[in-house]
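Okay, sequence plus prediction incoming.
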Amino acid sequence: MNRFLSPLQISFLVFALLFSFNPTARVFASDSALSEQDVADYVEFDDDTWWEYEITNVSYGGKISYRAVEIDNDGTGSTGYIEDNIYYLSEYKGESFDEPYVAFDLEGYSQEISEDAYLAYGINEEEWGEVGDVTHSCEYTLESDQSVEMDDGEAYEGTGILAECSLEFKILEAVEGLSSLTGSTIEFALESHYIEGLGLVSFKSIATVDGAFLGQVSSQLLSTSLLEDAWFSDVEVESKNFAAIDYLYDEGVLTGYSDRTFKPNNTVNRAELLKILVEGQGATPDEDSYKNCFPDVGTDWYAKYVCYAKEKGWVSGYDDGFFRPADSVNKVEALKMLLNSQDIEINSDASTSFEDVSDSEWFAPYIATAEERGILEENGSSFYPDDDRTRAGIAEELYRVLVYSEDLISF
């Protein structure tokens, strides 16, 4: 039966629960000290706070691991408020609920999930079919002196809360392709660890269909802006591109300037871009072997990168035979080079959602492929393909290619 469900459906449900702070919980406080905790210390942080997780998805399709960054407030798309030490969720991805739902209540709360709140739990009836009997229950336990080790080896200690939850719903009439699931009960057993002042640090969910194993998703906190220090003076920890720039700097792919600036808004030229892409692949071309591959590319510092890229088929130059290494690169040219450098298969049948990108344009398949893989940071109605690609922009796209899976769930 579980062969009909995709890892994408499993992950979407799990992440919706994970990053909406486990809405609607029935809590059985097993430790009286829970009543002394402040919910805000575990779930409410300054705007633009981000957390980077390693996500592992295990299902009948195999095992995949990737990194993902969750940004507070704007990143989750939810709106909530705290009243009488209870966190309420009132809006999710632009959809307002008929009544606020409890998202975190250490004193105990029980509430049946109504249809208008299904999406807050990742239950999309267009994907699953008609569902009902949706229930969610949690038991919270206080854990003293908990610690978590970051990706850089730094440890953080604090009071912890363990949330053991269960989400269950019945498929009343499944969509075509999942017809065998009609009448089945889907259950997610969730275990989350929160640390005071740090938020969610680890998570595990096991999915079953009528008691049979379906899949498992887990996450572990790798880094957070709450603990990070910025290396570059002009890239703040709160910057939306900080995680990407910081990761690529640590890997030796990106370097800054002698004054410890990165100049994230500067545009990149064709030579600079290829240096980033070649080093992002982990290649170290020999300067004696890679030179003189274009009339305007001889033995300069960038020659080994350009000539290596030409040999690999990433670039071919212009009709006049020149490469023009000092020319700036627009967004679609940079994207094509990026996807070629990582041997990503281009989906020629895919369509993009951007209103300023016609399917007839040569670059449309590249944008559509990157969009469906979660590589692009643009999420509005326009892509602005002719704009120059900035250093921060290419860092973000390369980072997503290197550490995200094509099964990425955007949250």
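Done, it's in.

where does residue 41 land in three-state SS?
helix (DSSP: H, G, I helix; E, B strand; the rest coil).

what's the closest non-adjacent residue to it?
Spatial nearest neighbour of residue 41, excluding adjacent residues (CB to CB, 6 or more residues apart in numbering): residue 196 at 4.8 Å. In this view, the C-beta of every residue, glycine as well, is placed from N, C-alpha and C.

which ones are touching the one you found?
By CB atoms under 8 Å, 6 or more residues apart in numbering, the residues touching residue 196 are 37, 41, 42, 158, 159, 160, 161.

where along the stretch 151-300 of the chain do the strands fall?
155-174, 185-195, 199-209, 212-224 (DSSP state E, counting those that start in this stretch).

could you dump these to JSON lines with mean pLDDT, mean neighbour count and distance to residue 109?
Listed next are the strands of the stretch 151-300 of the chain as JSON lines, based on pLDDT from 0 to 100; neighbours: other CB atoms under 10 Å; distance: least, CB to CB, whole Å:
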{"stretch": "strand 155-174", "mean pLDDT": "90", "mean neighbour count": "18", "distance to residue 109": "12"}
{"stretch": "strand 185-195", "mean pLDDT": "92", "mean neighbour count": "20", "distance to residue 109": "16"}
{"stretch": "strand 199-209", "mean pLDDT": "91", "mean neighbour count": "20", "distance to residue 109": "19"}
{"stretch": "strand 212-224", "mean pLDDT": "88", "mean neighbour count": "20", "distance to residue 109": "25"}
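
Let me have the ones you listed in a markdown table, adding distance to residue 381 as columns.
Below are these laid out as a markdown table (distance: least, CB to CB, whole Å):
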| stretch | distance to residue 381 |
| --- | --- |
| strand 155-174 | 33 |
| strand 185-195 | 34 |
| strand 199-209 | 31 |
| strand 212-224 | 31 |
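
that older thread, quick check: pLDDT value at the residue nearest to residue 41.
On pLDDT, residue 196 comes in at 93.

Distance check, it against residue 146.
9 Å (CB to CB, to the nearest Å).

who touches both of these two?
Listed as contacting both residue 196 and residue 146 by CB under 8 Å, 6+ apart are 158, 159, 160.

Out of those, the closest to residue 301 would be?
residue 158 (47.5 Å; CB to CB).

Which secondary structure state does residue 55 sit in?
Applying three-state DSSP: residue 55 is strand.

Residue 275: neighbour count?
Burial of residue 275 is recorded as 19 neighbouring residues (other CB atoms under 10 Å).

cool, and residue 250?
When neighbours are counted by other CB under 10 Å, residue 250 registers 12.

And residue 147, by the same measure?
Residue 147 is flanked by 11 other residues according to other CB under 10 Å.

If you count neighbours, what's buried in whichever strand or helix holds it?
For residue 147, the host element (DSSP states H and E) is strand 129-149. For strand 129-149, the neighbour count (16 or more other CB atoms under 10 Å) marks 129, 131, 134, 135, 136, 137, 138, 139, 140, 142, 146, 148 as buried.

Many thanks, have a good one.
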